[in-house]
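Novice: Generate a structure from the sequence data that follows.
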Amino acid sequence: MRHPKIKCEKCDRDIGNNNYTKHLKTCQGMKECPICLTKHNKSGVTCSYSCSNKYFRTGENNGNWKQDTYQTTCWLYHGKKCLVCDEQNIVTVHHVNENHNDNRPENLVPLCPTHHQYVHSRYKDKVVPIIEEYVKNYLLRVGKPG
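Specialist: Sure thing, here's the model as predicted:
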């Protein structure tokens, strides 16, 4: 004779009558995975490594995510490559008017560390004209007075 099944009110699974009490103990801490919406009782936020990678790798759940930094603003509007040499691996952000509180897109330009150093040295005449030309063209593209 088979034992009748009882539907668990926490996880909606059909549990045998003889295992129902044991199942309720394991089912107490059930959470819903924010990615796949399955119920789980694991210690983390997500139910699996796969869901964890999707949840934590990008966006606001990533520990390195910063919503409105001058870097993300610069790279959003200008891309993440040096204006002078097209370096893409290591890129810094230069404030054109040197006011670090002015994070408007037209004041931020991406430069590699070498060309950023040029701007702040006696070699600035090699890169400043390139930066000024870029900013002028950027302002023309977005329709702001230069």
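
Novice: List the buried residues in the biggest helix by length in the chain.
Specialist: Using DSSP state H, we find that the single longest helix of the chain is helix 124-142. By 16 or more other CB atoms under 10 Å, the buried positions in helix 124-142 come out as 127, 130, 131, 134, 135, 138. All C-beta spots, glycine's among them, are computed from the backbone N, C-alpha and C.

Novice: Check the contact between the first one and residue 117; I expect there is one.
Specialist: It refers to residue 127. No - contact between residue 127 and residue 117 fails when scored by CB atoms under 8 Å: they sit 9.6 Å apart.

Novice: Off-centre distance for the lowest-mean-pLDDT helix or strand in the chain?
Specialist: In the chain, the helix or strand scored least confidently by mean pLDDT, DSSP states H and E is helix 20-27, which has a mean of 73. Centre-to-centre, helix 20-27 and its host chain are 39 Å apart (CA atoms, centre = their mean, to the nearest Å).

Novice: Could you do stretch 68-81 as well?
Specialist: How far stretch 68-81 lies from its chain's middle: 12 Å, per CA atoms, centre = their mean.

Novice: That stretch: which residues count as buried?
Specialist: Neighbour-count burial for stretch 68-81 flags 70, 73, 74, 75, 78, 81 (criterion: 16+ other CB under 10 Å).
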